[in-house]
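Peer 1: Predicted coordinates and the sequence they were generated for:
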Amino acid sequence: MGKVIGIDLGTTNSCVAVIDGGDPVVIPNSEGSRTTPSMVGFTDGDERFVGLQAKRQGIINAERTIYGIKRLMGRKYRSDEIARLKELLPYRLVENVNGDAWVTINGKNYSPQEISAQILRKMKSTAEDFFGEEILEAVITVPAYFDDAQRQATKDAGRIAGLTVRRIINEPTAAALAYGYQNRKDARVAVFDLGGGTFDISILELHDGVFEVISTSGDNDLGGDDFDRVILEHLIKRFEEESGVDVSEDKMALQRLREAAESAKCELSTLSETNINLPFLAVDDSGPQHFSMNFQRSLLNDLCYDLIERLEVPCRQALDDAGLNAADIDEVILVGGMTRMPAVQERVVELFGKTPNKGVNPDEVVAIGAAIQSGIIDGEIKEVVLLDVTPMSLGIRVENDGFSAIIPKNTSIPTRVSKTFTTTRDNQELVTVAVHQGEQRKASRNRLLGLFNLTGLPSSPAGVPRIEVSFDIDTDGIVNVTAVDTRTGQSQSIEVTGHSGLSDEELERAVSRNA
Ligand code: AMP
């Protein structure tokens, strides 16, 4: 059997690791770095590059440099949301027919899956250079709070990159796996994962080689990019106050300010103040305008106060769902680059009443966990069992837009639950079941996974047909629905509409375009 690799496909950076001789190893890329910026750059021709090279061209070629693509994966947007995104991002987006945001480069449209596939390809070839053999299989991590469509989109990205995705695992679970595998002691741990795009918190019990997730919570729209954005807005305002020039429409100036915002944020994790110097940021009638500013950590903390406050609710929720108090947690593990920010660490101490564990590298721990899961799959690691949960309730729409949960959140996966449906009218030939995922009481506020039309029901009075619909969540957190007419034993045809993601044709086209 060939090697299975572990990939942390991050919003900002990605990392690949494998099990080599029983130990997890992070593989450096061709530039010698252990992590690779999750950025894809295009030239004005057909050439593409991934990682550091793409990052370098970001300033001079912002329109053709894609970053943060993970945030668009498997997501559906309303037109007004896409319009807002278009304003925020330096690269161009188009609205795809079913509400996905695709990227437009040099007149061609690319799905987020196809862009992510470029990053996965780079990780694949990094591993291939290391082993000197072709790699065809991978375990890829996703935020625990990713819903079905986002997981499916990640699998599709793997497929486009030429990888069979053997398993999707949750990033915090991977981190706990790495921690537990290296420490080999029983403990109850909280994994606090704040990356570039998302926030996840998971509570796990490690016991005799069994890693059991008890609860998980998070915020899919809270990450380092949001911190960068509030800093960027401050810098734009400050520059306008000083120079009278509004650069909010100037793509090149914005890109320089965005990079300066992120660098300042990172520097302020170790320094209490730093300087931002951007000569020739803009030009007006009076000549070139330069930007220079002394940036204090206290200002950073003020700007980011509201974002840091948002960390509290998911942490409390995860503890409540686990039936635990903060004092019951033995160890808090920090994951994701943003956990280096002192104000974030201080909040963790306040929330959990203990200093977090500093023994794991927050940039690599997720990929190492993915590699351990790969080792379990390819048989190199035998003494570890992983039991994960579904982060969101799965249910159906009932009367008055109500939501009836069929598989509640934090249920161990894989799992299967069946429910019997019937008709409400005589001779009804069709029953429509709307499947949603989320925690809101109104179905329309939860993510619609699909509308299942059970068709071809034999004529009978209302209430007589008994159609058993089974809802499955597999170990990847991906949902499957099947239906059987219990009177005849025949399975009903199910039409799925409204499922976000690539159609079969779009997927095939992307696979062949990238082969
Ligand atoms: P990840 O998705 O885990 O790679 O996290 C990336 C995020 O962490 C980005 O928003 C980075 O700007 C941020 N980050 C990386 N290093 C630091 C640091 N030293 N201090 C604060 N934020 C950081």
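Peer 2: That came through fine.
Peer 1: residue contacts, Y77?
Peer 2: By Cβ atoms under 8 Å, 6 or more residues apart in numbering, the contact set of Y77 is 85, 95, 99-101. Glycine gets a C-beta too; all of them are placed from N, C-alpha and C.
Peer 1: Per-residue pLDDT of it, please?
Peer 2: In this model, Y77 is scored at 82, pLDDT.
Peer 1: The ligand versus that one, what's the distance?
Peer 2: Here the distance between Y77 and the ligand works out to 22 Å (Cβ to the nearest ligand atom, to the nearest Å).
Peer 1: now D156
Peer 2: Here D156 is placed at a distance of 21 Å from the ligand (Cβ to the nearest ligand atom).
Peer 1: Quick one: low-confidence residue ranges for the stretch 1-150 of the chain.
Peer 2: Within the stretch 1-150 of the chain, the stretches falling below the threshold (pLDDT under 70) are 1.
Peer 1: Can you name the residue of this structure nearest the ligand?
Peer 2: When scored by Cβ to the nearest ligand atom, the chain has G224 as its residue closest to the ligand, at 1.8 Å.
Peer 1: list the contacts for that residue?
Peer 2: The neighbourhood of G224, defined by Cβ under 8 Å, 6+ apart, consists of 11-12, 194-197, 262, 265, 336-338.
Peer 1: closest to E508 among the residues you listed?
Peer 2: E508 has its nearest neighbour among these in T11, at 27.3 Å by Cβ to Cβ.
Peer 1: wait, that closest one sits on F199?
Peer 2: No - distance between T11 and F199: 11.2 Å, which falls outside the contact criterion (Cβ atoms under 8 Å).
Peer 1: got any residues that touch both of the two?
Peer 2: Here T11 and F199 have G223 as joint contacts, going by Cβ under 8 Å, 6+ apart.
Peer 1: The two - which one has more neighbours?
Peer 2: The residue with more neighbours, out of T11 and F199, is F199; 28 against 22, by other Cβ atoms under 10 Å.
Peer 1: How confident is the prediction for the more buried one, by pLDDT?
Peer 2: According to the model's per-residue confidence, F199 sits at a pLDDT of 94.
Peer 1: now the residue nearest the centre of the chain, nearest residue through space, not along the chain?
Peer 2: Centroid-nearest residue in the chain: P143, 4.4 Å away (criterion: Cα atoms, centre = their mean). Closest residue to P143 apart from its sequence neighbours, by Cβ to Cβ, 6 or more residues apart in numbering: T198 at 4.2 Å.
Peer 1: Helices of the protein, start to end?
Peer 2: Along the chain, the stretches classed as helices by DSSP state H are 52-57, 79-88, 112-131, 148-160, 171-183, 224-243, 251-267, 297-303, 305-309, 312-322, 342-352, 365-377, 504-513.
Peer 1: which one of the ones you listed is the most hemmed in?
Peer 2: Of all the helices of the chain, helix 365-377 carries the top mean neighbour count, a mean of 28, counting by mean count of other Cβ atoms under 10 Å.
Peer 1: Now do that helix: which elements does it pack against?
Peer 2: Using 3 or more Cβ pairs under 8 Å, 6 or more residues apart in numbering; DSSP states H and E as the contact definition, the elements that helix 365-377 packs against are strand 4-9, strand 13-20, strand 23-26, strand 137-142, strand 164-170, helix 171-183, strand 331-335.
Peer 1: so of these, which one's packed in deepest?
Peer 2: Neighbour counts (mean count of other Cβ under 10 Å) averaged over each of the helices and strands packed on helix 365-377 peak at strand 4-9, with a mean of 30.
Peer 1: Does it reach the ligand?
Peer 2: No - Strand 4-9 stays clear of the ligand (Cβ under 6 Å from any ligand atom), getting no nearer than 8.1 Å.
Peer 1: repeat for stretch 42-53
Peer 2: No - shown here: stretch 42-53 not in contact with the ligand (Cβ under 6 Å from any ligand atom), separated by at least 12.9 Å.
Peer 1: which residue packs closest to D250, ignoring adjacent ones?
Peer 2: Excluding its sequence neighbours, the residue lying closest to D250 (Cβ to Cβ, 6+ apart) is A282, at 6.4 Å.
Peer 1: What residues does the one you found make contact with?
Peer 2: Contacts for A282 (Cβ under 8 Å, 6+ apart) come out as 239, 243, 245, 247, 250, 253, 288-289.
Peer 1: Show me what the closest residue to D378 other than its chain neighbours is bridged to.
Peer 2: Ranked by Cβ to Cβ, 6+ apart and with sequence neighbours excluded, the top spatial neighbour of D378 is V4, at 4.8 Å. Applying DSSP bridges to V4 yields these beta-bridge partners: E137.
Peer 1: Distance check, V4 against K155.
Peer 2: According to Cβ to Cβ, to the nearest Å, V4 and K155 sit 15 Å apart.
Peer 1: relative orientation of the lengthiest strand in the chain and helix 251-267 in degrees?
Peer 2: Longest strand of the chain, by residue count under DSSP state E: strand 273-284. Between the axis of strand 273-284 and that of helix 251-267 there is an angle of 180 degrees, by axes from the mean of the first three to the mean of the last three Cα atoms, to 10 degrees.
Peer 1: Over to the residue with the largest distance to the centre of the chain: give its phi and psi.
Peer 2: For the chain, the largest distance from the centre (Cα atoms, centre = their mean) belongs to P461, which lies 46.8 Å off. P461 has phi and psi values of phi -60, psi 160 when expressed as degrees, to the nearest 10.
Peer 1: which ones are touching it?
Peer 2: Listed by Cβ under 8 Å, 6+ apart, the contact partners of P461 are 426-427.
Peer 1: can you pull the pLDDT of it?
Peer 2: On the pLDDT scale, P461 is placed at 93.
Peer 1: For it, give its distance to E468.
Peer 2: For P461, the distance to E468 under the criterion Cβ to Cβ works out to 19 Å.
Peer 1: export the helices of the chain to CSV and tack on distance to I413?
Peer 2: Rendered in CSV, the data for the helices of the chain read as follows (distance: least, Cβ to Cβ, whole Å):
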stretch, distance to I413
helix 52-57, 35
helix 79-88, 30
helix 112-131, 23
helix 148-160, 11
helix 171-183, 11
helix 224-243, 29
helix 251-267, 36
helix 297-303, 39
helix 305-309, 31
helix 312-322, 15
helix 342-352, 26
helix 365-377, 14
helix 504-513, 24
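Peer 1: what's the closest of those helices to Q440?
Peer 2: Across the helices of the chain, Q440 has its closest neighbour in helix 312-322 (14.0 Å, Cβ to Cβ).
Peer 1: Quick check: mean pLDDT of that closest one?
Peer 2: For helix 312-322, the per-residue pLDDT averages 96.
Peer 1: what pLDDT does the closest residue to R466 other than its chain neighbours get?
Peer 2: Taking Cβ to Cβ, 6+ apart as the measure, R466 lies nearest to T486, with 4.4 Å between them; neighbours along the chain are not counted. On pLDDT, T486 comes in at 85.
Peer 1: Could you report the neighbour count for T486?
Peer 2: The number of residues packed near T486 is 13, by other Cβ under 10 Å.
Peer 1: now Y91
Peer 2: Applying other Cβ under 10 Å, we find 22 residues neighbouring Y91.
Peer 1: Wait, it touches T65, no?
Peer 2: Yes - here Y91 lies in contact with T65, judged by Cβ under 8 Å, at a distance of 6.7 Å.
Peer 1: what does this protein put close to the ligand?
Peer 2: Along the chain, the residues adjacent to the ligand under the rule Cβ under 6 Å from any ligand atom are 10-13, 195-196, 224, 262, 265-266, 269, 336-338, 340-341.
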